[in-house]
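Visitor: no FASTA, just this:
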């Protein structure tokens, strides 16, 4: 394990130095730079929300996200991407990486980036996806009762520091194969964790350092089939495994499967994510339910979505989505969740391009929770989004 | 209060929609020279899989070399579905588009109005068959947006 870690660090350092050298050696005039950005202002109206403003479990009202990105091509083989975004946690480094490409089939990515997992993350920027909200398995704070649920299966984006080896290859004229394998810092928590601490995991306060010096490993494979001039199908599978507490005692395993079918102006997307998270049972008084001796030391969180997007005209898109999560396992003593909890959401939305690069998004969401809200006793909730999203 | 704010937002959204309904995301292919349209369709389909078409169309990249690097980078994104053949068609369109952007920029900068597509460093189209007759003054792809 120690020698594997040493090898990884040595490889990353070498590649970083190589990229820096190439960058420095490239005459400034030959460097191609492009600056891009995006922003979304969303108003989330939740008529059924409870009024616990001191510790909101739902972000209703306005939320603002924006991002600025610099893409630099030093040469055909070396490029860099830097993206800084502003959201709920203030300013954050979403991308700061070099790509060193030996061939289409072999690329080294080093720095800070979201490792390849699933299909949605490529479109996580609010100017890229057509609804205000991300699919539930990837939600990062807009979902109702987000604190009770400790967010989603894998909140997107999930930028992390590390090294990824990836590539793409066309197998004949109609099949594209993509692969990626990576070692990154991994998620974090405190010493006696009951779940991943997503806030700590992305906090720049610790200057994005690792908490346990053991990398999380993962990878993705995908096949894209060209079905016709204007249609293709992508099937992918992803996995990620590591420990998340400072003592390296508790592990997490995230697996995913995704399918995207595009036929002309209609896109159908389906994705499943599951996370098995070990939890520390050292202090059994922390739990709501008696800790079972067998299989009592982990939780499972499943999440999936199915989405249809149709471009009615070149300006107007219609979107329908069904998504949900199902969580099994013990919970903290004060938790409002049960040993088995579920949430389903039904969304209908439109996105209208009022200008090139500027969209208005409307959506209505119906939520169905298996647990009653502790204050209102509700299981059903309704929410509406109106957003202005743009890219430049 | 909440309801009023929401109503105001919806209202503003509708008004701006009404004002702006002349514009859209894509370009109007019918205003392009005939020999560009097929390439445009490939571009419009392939480059809108992961983000809106506005991303490339508003990137303001006017340098053909930079487009080559960009399209290569996008082709290598996982699941892009962009084959080397698609890439050729996309780049043919983007050369046409970049030339149009350069023309508009030159006009804005007060330089002598440059006839469309004559100030490019590479040909707009690289037809395999004998070149078709030059299209009658091609309409601008850039500012003749979709209706």
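Guide: Structure received. Everything quoted here is computed from the prediction, not taken from an experiment.
Visitor: looking at this, residue B:35 is in a helix?
Guide: Yes - counting by DSSP: H, G, I helix; E, B strand; the rest coil, residue B:35 falls inside a helix.
Visitor: who in the stretch 101-250 of chain A is up against chain B?
Guide: Residues of the stretch 101-250 of chain A lying close to chain B (CB under 8 Å from any CB of the partner chain) are A:101, A:104, A:107, A:116, A:119, A:122-123, A:125, A:127-128, A:166-168, A:170, A:173-174, A:176, A:178, A:180, A:220, A:222, A:224, A:226, A:229-230, A:232, A:234, A:236. C-beta: built from backbone N, CA, C; applies to glycine.
Visitor: repeat that for 7 Å
Guide: Taking CB under 7 Å from any CB of the partner chain as the contact definition, the stretch 101-250 of chain A meets chain B at A:104, A:116, A:119, A:122-123, A:127-128, A:168, A:170, A:173, A:176, A:178, A:222, A:224, A:226, A:230, A:232, A:234.
Visitor: select only the buried ones of these in PyMOL?
Guide: Selection of buried members from those for PyMOL, criterion 16 or more other CB atoms under 10 Å in any protein chain shown:
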select buried, chain A and resi 116+119+122+123+127+128+168+170+176+178+222+224+226+232+234
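Visitor: next step: the residues of the stretch 101-250 of chain A next to chain B restricted to strands.
Guide: Mapping these onto strands (DSSP state E) picks out A:168, A:170, A:176, A:178, A:222, A:224, A:226, A:232, A:234.
Visitor: make JSON lines out of those residues and add distance to residue A:262 and pLDDT.
Guide: Formatted as JSON lines, these follow (distance: CB to CB, whole Å; pLDDT from 0 to 100):
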{"residue": "A:168", "distance to residue A:262": "18", "pLDDT": "97"}
{"residue": "A:170", "distance to residue A:262": "17", "pLDDT": "95"}
{"residue": "A:176", "distance to residue A:262": "13", "pLDDT": "97"}
{"residue": "A:178", "distance to residue A:262": "16", "pLDDT": "98"}
{"residue": "A:222", "distance to residue A:262": "14", "pLDDT": "98"}
{"residue": "A:224", "distance to residue A:262": "10", "pLDDT": "97"}
{"residue": "A:226", "distance to residue A:262": "10", "pLDDT": "95"}
{"residue": "A:232", "distance to residue A:262": "5", "pLDDT": "95"}
{"residue": "A:234", "distance to residue A:262": "8", "pLDDT": "97"}
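Visitor: nearest to residue A:285, of those residues?
Guide: residue A:222 (45.2 Å; CB to CB).
Visitor: how near is residue A:121 to residue A:135?
Guide: Distance, residue A:121 to residue A:135, by CB to CB, to the nearest Å: 11 Å.
Visitor: who's more crowded, these two?
Guide: More neighbours surround residue A:135 than the other of residue A:121 and residue A:135, with 29 against 19 (other CB atoms under 10 Å in any protein chain shown).
Visitor: how many other residues sit next to residue B:30?
Guide: Count around residue B:30 with other CB under 10 Å applied: 11.
Visitor: part of a strand, is residue A:285?
Guide: No - using three-state DSSP, the assignment for residue A:285 is helix, not a strand.
Visitor: skipping its backbone neighbours, what lies nearest it in space?
Guide: residue A:333 (7.4 Å; CB to CB, 6 or more residues apart in numbering or on different chains).
Visitor: now residue A:199
Guide: residue A:89 (7.0 Å).
Visitor: pLDDT score for that neighbour?
Guide: pLDDT, residue A:89: 70.
Visitor: can you tell me how far it is from residue A:196?
Guide: Taken as CB to CB, the span from residue A:89 to residue A:196 is 15 Å.
Visitor: mind telling me what element residue 102 is part of?
Guide: Just going to use chain A. Per DSSP states H and E, residue A:102 falls inside strand A:90-103.
Visitor: hm, I was asking about chain B
Guide: Using DSSP H and E, residue B:102 falls in helix B:84-108.
Visitor: for that helix, packing partners?
Guide: Contacting helix B:84-108 under the criterion 3 or more CB pairs under 7 Å, 6 or more residues apart in numbering or on different chains; DSSP states H and E are the following elements: helix B:34-46, helix B:64-75.
Visitor: hmm, residue A:316 and residue A:310 touching each other?
Guide: No - Residue A:310 lies out of contact with residue A:316 (CB atoms under 7 Å); the separation is 9.4 Å.
Visitor: which one's more surrounded, the two?
Guide: Between residue A:310 and residue A:316, residue A:316 has the larger neighbour count (other CB under 10 Å), namely 17 against 14.
Visitor: show the contacting residues for that one.
Guide: A:350, A:352 (CB atoms under 7 Å, 6 or more residues apart in numbering or on different chains).
Visitor: turn the ones in strands among the residues of the stretch 101-250 of chain A next to chain B into JSON lines, including distance to residue B:69.
Guide: Formatted as JSON lines, these follow (distance: CB to CB, whole Å):
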{"residue": "A:168", "distance to residue B:69": "16"}
{"residue": "A:170", "distance to residue B:69": "19"}
{"residue": "A:176", "distance to residue B:69": "20"}
{"residue": "A:178", "distance to residue B:69": "20"}
{"residue": "A:222", "distance to residue B:69": "23"}
{"residue": "A:224", "distance to residue B:69": "22"}
{"residue": "A:226", "distance to residue B:69": "24"}
{"residue": "A:232", "distance to residue B:69": "24"}
{"residue": "A:234", "distance to residue B:69": "24"}
